[in-house]
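> Got a predicted model here, sequence first, then my questions.
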Amino acid sequence: MTENEIAKVIVDAAFKIHTKLGPGLLESVYEALLAYELKQRGLLVVRQQSIPVIYETVQLEEGFRADLIVEGKVIVELKSVEVIAPVHKKQVLTYLRLTNLKLGLLINFGEALIKDGISRIANGL
């Protein structure tokens, strides 16, 4: 599957979860449910994967933890907040650059309408 095909499945799964449960739960709940839903759809999902950061001659084994990495191609950063800040999108772009992945989705389950809470961030895609 391409990054775009994977993203469509992720967005559909997020929509299903948000429609059934609505906003207001902890981010960790949405993360577990989205991982479950994507696995049910046959996708490989890794939760909370530690990603090293290399800076000059220093390597930090745990530079950050990706909420979800789907099929080894798409990073999903989840939030459950009232408003996404500009830094959140920059955060996803930095994650993409550090992993050499091309597509990230920032999904805020705190929005009243999930379609308003989904941002697509591309890194050379």
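In hand now; what should we look at?

> just for the protein, where's the confidence low?
Residues of the chain meeting the criterion pLDDT under 70: 125.

> Identify the residues contacting the longest strand along it?
Taking DSSP state E as the criterion, the chain has its longest strand at strand 58-70. The contact list for strand 58-70, computed with CB atoms under 8 Å, 6 or more residues apart in numbering, reads 6, 10, 27, 31, 34-35, 38, 43-54, 75-78, 95, 98-99, 101. The way it works is simple: take the backbone N, C-alpha and C, and place the C-beta from them, glycine included.

> out of those, which are buried?
6, 10, 27, 31, 34-35, 38, 43, 45, 51, 75-78, 95, 98-99, 101 (16 or more other CB atoms under 10 Å).

> got the angle between the helix or strand just after the longest strand of the chain and strand 58-70?
Where DSSP states H and E defines the elements, the next helix or strand beyond strand 58-70 is strand 74-79. On the basis of axes from the mean of the first three to the mean of the last three CA atoms, to 10 degrees, strand 74-79 is oriented at 90 degrees to strand 58-70.

> same for strand 74-79, what does it pack against?
helix 3-21, helix 27-40, strand 58-70, helix 86-99, strand 103-108 (3 or more CB pairs under 8 Å, 6 or more residues apart in numbering; DSSP states H and E).

> what lines up beside the shortest one in the sheet?
In the sheet containing strand 103-108, its partner strands are strand 74-79 (parallel), strand 118-122 (antiparallel), by DSSP bridges.
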